[in-house]
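**Q** Below are the sequence and a predicted model for it; my questions follow.
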Amino acid sequence: MSKKTEQELLKEELFYTPESAYFVCDDKEIAKAEKFCEGYIGFLNACRTEREINAYVKELASSKGYREFDPKGKYKSGDKVFYDVHGKALILTTFGKKSVAAGTKIVAAHIDSPRLDLKPNPLYEDEQLGYFKTHYYGGIKKYQWPTVPLALHGVIYKKDGSCVTVRVGDDEGDPKFVITDLLPHLDREDRSMKKVIAGEELNILIGSRPFGKEKGDKLVKLNLMKLLNEKYGIVEADFLSAELEAVPAYPAVDVGFDRSLIGSYGHDDRVCAYPSVMAEFDVKKPEFTTVTVITDKEETGSDGNTGLQSAYLKQFIGDLAALAGVPCRDVLRASECLSADVNAGFDPTFASAFEKNNSAYLNKGIVVTKYTGSGGKGGTNDANAEFVSKIRTIFDKSKTVWQTGELGKVDGGGGGTVAKYIANLGVNVVDVGVPVLSMHAPFEIVAKNDVYMAWKGFKAFLESK
Ligand code: MN
Ligand code: MN
């Protein structure tokens, strides 16, 4: 190799130039990333909704020695507990060597993803075709959802209080469902993107066969209701006390000839939730008590008693504080948090939406997002420089590949995460997550190296001294 010039050496010393993990890591590390992502793909395919993730992680945690948290229990360093939040959010904790009075290390990711929820009275028939009415959940580009095969997941609580679990469309041999679209031949009307399909047009086609041989009214609906009654024991009114979610009915897969990418529904934010949970599992005897949160409702603004605007995290930390005999506020003041959520990856096809010097790039590692929001940093946690500095050091020391990034160019739009709600409790917070292409689409893209770096970075943070 030729000797570096004085200019090159000085640039190396003075310039900030994040590099692809492929140039920074050796082959062994890249192989580890691939291996880690096999587990991630398995997780994506095993659970498609926040309830399913909650149940899956709870079971896995139990098998790894986590016990249900008892606010009156006695815990020592290294003990592991879980705290269930209405079956849709979950907290995992490993007790630290230090008292919680010294603060906790929080990693918070979300496990809800954009989707189509069935309305409370969803079933209807139109021109002898059977449909479900939906109300979309989270920020979607509606035109992306027609002609995508859909699966249905959720729960139905019957009048007698018993619960049936629904999971149809993802398993071998299952039927699937679909929203239809207008054929191009008849689509001459010039519609703006937002009007290509309206919310009330997101109707899921679920059947076409009437009940019986005599002609009559609503016989397709009747046949569908009869099938649902046979399969789930439900009557139409039971939909009123159900939560049924339509999600894309295809598995997560490798993307690209080099298999360096993963395509899936729901990377946002399972691509941070999975590494958070795995990092939490891998922490043995941390210095500080860990609080790994996988929350619900982020995509609709974190409201509701399973979202992070509710009191559940504060109350849990309050319980930890009470066990240690210290005020909750002292624990919160001393606590630190990574808000583990995705950011937009720079997409060369849509380069004008981004500002190149402050964008996150695929394969350049996890992205530290100092602030999100919109309109002059409105509605965001803007992380303190002192805290970002601390996180930088933790990532560098642990050889976590990382970069920085904003959510698009100034005034290009905006968004938010749970960071501000945790910061509002007095905790030091910064957003850290995986860059994603086609965020919120039914098929999102991430780079395997970045998923692995999320695990590495979260683990280093949870174990930090
Ligand atoms: Mn997110
Ligand atoms: Mn999102």
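**A** Here it is on my side, so go on. Ligands and ions are numbered 1, 2, ... in the order given.

**Q** if I look at Gly304, how far off is ligand 1?
**A** 16 Å (C-beta to the ion, to the nearest Å). For glycine as for every other residue, the C-beta is placed from the backbone atoms N, C-alpha and C.

**Q** do the same with Tyr16
**A** Distance, Tyr16 to ligand 1, by C-beta to the ion: 26 Å.

**Q** hang on, that residue is in a helix, isn't it?
**A** No - under DSSP: H, G, I helix; E, B strand; the rest coil, Tyr16 sits outside any helix and is assigned coil.

**Q** Tell me, how many residues neighbour the residue in the stretch 51-200 of the chain positioned nearest to ligand 1?
**A** Of all residues in the stretch 51-200 of the chain, the one sitting closest to ligand 1 is His110 (5.7 Å; C-beta to the ion). Neighbour count of His110, defined by other C-beta atoms under 10 Å: 29.

**Q** residues contacting it?
**A** Taking C-beta atoms under 8 Å, 6 or more residues apart in numbering, we find His110 in contact with Asp269, Cys272, Ala273, Ile294, Thr295, Asp296, Lys297, Glu298, Glu299, Asp341, Val418.

**Q** Select only the buried ones of the residues you listed in PyMOL?
**A** Buried members of those, defined by 16 or more other C-beta atoms under 10 Å, are picked up in PyMOL with:
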select buried, resi 269+272+273+294+295+296+297+298+299+341+418
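
**Q** and which of the contacts of His110 is nearest to Asp431?
**A** For these, the minimum distance to Asp431 (C-beta to C-beta) is 5.9 Å, reached by Asp341.

**Q** on that earlier part again, for the closest residue to the residue of the stretch 51-200 of the chain closest to ligand 1 other than its chain neighbours, give me the pLDDT.
**A** Ranked by C-beta to C-beta, 6 or more residues apart in numbering and with sequence neighbours excluded, the top spatial neighbour of His110 is Glu298, at 3.5 Å. Here, the pLDDT recorded for Glu298 equals 98.

**Q** swap in Lys159?
**A** Confidence score, pLDDT, at Lys159: 95.

**Q** Backbone torsions only: list them for it.
**A** phi -60, psi -40 (degrees, to the nearest 10).

**Q** go on, Val429?
**A** The phi/psi pair for Val429 (degrees, to the nearest 10) reads phi -130, psi 140.

**Q** So Phe145 sits against Ile197, correct?
**A** Let me fix one detail, which is that residue 145 is Trp and not Phe. Yes - counting by C-beta atoms under 8 Å, Trp145 does reach Ile197; the two are 7.5 Å apart.

**Q** So between those two, which is more surrounded?
**A** Per other C-beta under 10 Å, whichever of Trp145 and Ile197 has more neighbours is Trp145, with 25 against 20.

**Q** Just give the closest residue to that one, not the sequence neighbours.
**A** Ile179 (5.7 Å).

**Q** Name the next helix or strand downstream of the lengthiest strand in the chain, please.
**A** The residue-count maximum for a strand in the chain (DSSP state E) belongs to strand 115-126. Downstream of strand 115-126, the first helix or strand assigned by DSSP states H and E is strand 129-137.

**Q** I appreciate the help and will end here.
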